[in-house]
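>>> coords please:
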Amino acid sequence: MRKRLVLAFMSFFIICLSLVSVQARQRAFTYQGTLADNGSPVNDNYDLQFGLFDCPTDGAQVGTAITVPNVSVSAGIFTVTLDFGAGSFNGTNRFLEIGAWPSGAGPLLCSLLDSW
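Predicted structure coming up:
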């Protein structure tokens, strides 16, 4: 009887741990965008910076900015995984600011906003 109780408790504990792990991963999302230079799709590596805001102009930043270095851009298309942390998406509108510059060159280009 005692072995069954211990096994049941251990099974419950493992299931609970796996659920916590799944919840933590659900904050991250995949973002796919396009990047062009003078209207032409780029084919190169770029450093990208993403900021999340609560308004499209003069908004407060939500969470911290995420910089993803050396992102491969092919035919103007790039894909990144972003995680702005718990509570970043609480049901209100959010706006994504994106900055891009050639890898290693430092911030040079203007940014744009995308909204959800």
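
>>> From now on I want contacts and neighbour counts done on CA atoms only, so please keep to that.
Will do.

>>> bridging residues for residue 62?
Per DSSP bridges, the residues bridged to residue 62 are residue 52.

>>> Contacts only, for it.
By Cα atoms under 8 Å, 6 or more residues apart in numbering, the contact set of residue 62 is 51-54, 84, 88.

>>> can you tell me which two in these are farthest apart?
By the measure Cα to Cα, 54 and 84 form the most distant pair in those, at 12.9 Å.

>>> how about the strands in this protein?
29-34, 36-37, 40-41, 44-53, 61-73, 77-82, 95-102, 112-115 (DSSP state E).

>>> could you dump the ones you listed to CSV with mean pLDDT?
Output for the strands of the chain, formatted as CSV (pLDDT from 0 to 100):
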stretch, mean pLDDT
strand 29-34, 94
strand 36-37, 92
strand 40-41, 95
strand 44-53, 95
strand 61-73, 94
strand 77-82, 96
strand 95-102, 93
strand 112-115, 57
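
>>> picking up where we left off before, highest neighbour count among the contacts of residue 62?
Neighbour counts for the contacts of residue 62 (other Cα atoms under 10 Å) peak at residue 52, which has 25 neighbours.

>>> My guess is that one contacts residue 65. True?
Yes - counting by Cα atoms under 8 Å, residue 65 is a contact partner of residue 52 at 7.2 Å.

>>> Quickly list what's touching both of those two.
Listed as contacting both residue 52 and residue 65 by Cα under 8 Å, 6+ apart are residue 84.

>>> how about the nearest residue to residue 68, chain neighbours excluded?
residue 48 (5.2 Å; Cα to Cα, 6 or more residues apart in numbering).

>>> What residues of stretch 57-65 count as buried?
Going by neighbour count (16 or more other Cα atoms under 10 Å), the buried part of stretch 57-65 is 61-62, 65.

>>> Count the residues that sit near residue 39.
That count, for residue 39 with other Cα under 10 Å as the rule, works out to 7.

>>> what are the phi and psi values for it?
Phi and psi for residue 39, reported as degrees, to the nearest 10, are phi 90, psi -10.
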